[in-house]
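> sequence and predicted structure below; questions after.
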Amino acid sequence: MWVIVVYDIVSTKRRNRVARELEGRAFRVQKSVFEGEMDEDCVRSLRDVLSLLIDSREDAVRMYLLPSRLSARLELIGVGRDIRSDWLYLGNGQ
């Protein structure tokens with residue numbers, strides 16, 4: 001499935017830890033937004049790790065789970081690119 005992770009984390013230390021964790025699993029498309037293809041086990045693992053890294057009283061993480069990158073519609077305004085084609089090029093897509 002195509003996963004979009006968005007976060008708002010108060011502490012710089014926690015925010016950096018979350019970003020490092022996500023960098024190994026998805027593409028950074030904005031400062032606090034990552035996208036990538038993941039299976040159910042990866043999503044579950046990521047959810048567990050992120051819940052340990054954040055302070056749930058101050059921080060927020062949203063994970064949008066879409067059936068596939070091909071069914072996700074993207075409308076981009078301004079700077080950026082649709083990384084879904086990069087993901088396919090790298091051989092990571094299904």
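Sure thing, it's come through. Since the structure is predicted, the reported quantities are computational estimates derived from the model, not experimental observations. Numbers count the residues shown, from 1 in each chain.

> just the strands in this structure please.
2-8, 27-30, 33-37, 60-66 (DSSP state E).

> among the ones you listed, which is the most enclosed?
strand 33-37 (a mean of 21; mean count of other CB atoms under 10 Å). (Each C-beta comes from the backbone N, C-alpha and C, glycine too.)

> for the longest helix along the chain, give me every contacting residue.
Across the chain, the longest stretch assigned as helix under DSSP state H is helix 40-53. Contacts with helix 40-53, where a contact means CB atoms under 8 Å, 6 or more residues apart in numbering, come from 1, 3, 5, 14, 17-18, 21-22, 25, 38, 61, 63, 65.

> in stretch 39-47, what's buried?
Using 16 or more other CB atoms under 10 Å as the test for burial, stretch 39-47 gives 43, 46.

> rounded mean pLDDT for it, please.
Stretch 39-47 carries an average pLDDT of 95.

> how far is it from where the chain is centred?
11 Å (CA atoms, centre = their mean, to the nearest Å).

> CA atoms of that stretch as CSV?
C-alpha atoms of stretch 39-47 as CSV (Å, rounded to 0.1, in the frame of the first residue of the first chain):
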residue,chain,number,x,y,z
ASP,A,39,3.3,-3.8,3.3
GLU,A,40,1.1,-4.4,6.4
ASP,A,41,4.0,-5.7,8.5
CYS,A,42,6.1,-2.6,7.7
VAL,A,43,3.2,-0.3,8.6
ARG,A,44,2.7,-2.1,11.9
SER,A,45,6.4,-2.0,12.7
LEU,A,46,6.6,1.7,11.8
ARG,A,47,3.6,2.5,13.9
